[in-house]
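Asks: build me a model:
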Amino acid sequence: MVRVCVIGAGPSGIVTVKELLQENHDVECFEASSSIGGVFSPQGGKACRVYDRLRLTISSHYMAYSDYKPDDASRFWTSEEYFNYLISYAEHFQVLEKIFFNAFVISVQRKSEKWFVSVNINGSCVTKEYDAVAICTGTNQYPANFDHPTINEFQGKIVHSTEYSNCRVFEG
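Replies: Take a look at the predicted model:
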């Protein structure tokens, strides 16, 4: 049995945990926020990219995992519907019991044939040993800011998508 650490419990992290469990591996997952879902979690903290009235641009037919299709017809989910789908998926495949929430990974080091993951779990720092590590933190953790020579000439307000939650700032 291979002991595996999964870092991140967004859409890629939860399916990674599920697949590893189905292969009978010993799995632990560390999630920095208080919820699964990554950018789709309303409780995702800094990683959250959910905004009012968000609709996915990929239909539920393609967004759903192939081994857990939704019961309804193919349509474009709201962020809340997709988040609820992820929760249902994680519950169905018993993924949640393998996740440590509010767990901040401090370092990942390889020594000989093992991986050592240092993590702060609810204020307590521990280092754990694994045979393998899957990093599933996603590509949208940090904003890529635009820098242009004439940016200071722009008189309007510049808002990065990570700062957007609704259109109220643009009213008036």
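
Asks: list of residues touching stretch 136-148?
Replies: Stretch 136-148 is contacted from outside by 6-10, 12-13, 16, 38-39, 46-47, 49, 158, 160-162, using Cβ atoms under 8 Å, 6 or more residues apart in numbering. All C-beta atoms are positioned from the backbone trio N, CA, C, and that covers glycine.

Asks: could you check how far it is from the centre of its chain?
Replies: On the basis of Cα atoms, centre = their mean, to the nearest Å, stretch 136-148 sits 14 Å off its chain's mean C-alpha point.

Asks: that stretch: which residues count as buried?
Replies: Buried residues in stretch 136-148, counted by 16 or more other Cβ atoms under 10 Å: 136, 137.

Asks: could you tell me the end-to-end distance of it?
Replies: Using Cα to Cα, to the nearest Å, one end of stretch 136-148 lies 32 Å from the other.

Asks: right, and the helix or strand after the lowest-mean-pLDDT helix or strand in the chain?
Replies: The helix or strand of the chain with the poorest confidence is helix 60-63; it has a mean of 90 (mean pLDDT, DSSP states H and E). Later in the chain than helix 60-63, the nearest helix or strand by DSSP states H and E is helix 79-92.

Asks: for residue 27, give me phi and psi.
Replies: For residue 27, the backbone dihedrals (degrees, to the nearest 10) come out as phi -120, psi 140.

Asks: report how many residues lie close to the closest residue to it other than its chain neighbours.
Replies: The spatially closest residue to residue 27, leaving aside those adjacent along the chain, is residue 20, at 4.7 Å (Cβ to Cβ, 6 or more residues apart in numbering). Look at residue 20: counted by other Cβ atoms under 10 Å, it has 20 neighbours.

Asks: is it true that residue 20 touches residue 1?
Replies: No: contact criterion Cβ atoms under 8 Å: residue 20 and residue 1 do not qualify, at 10.5 Å.
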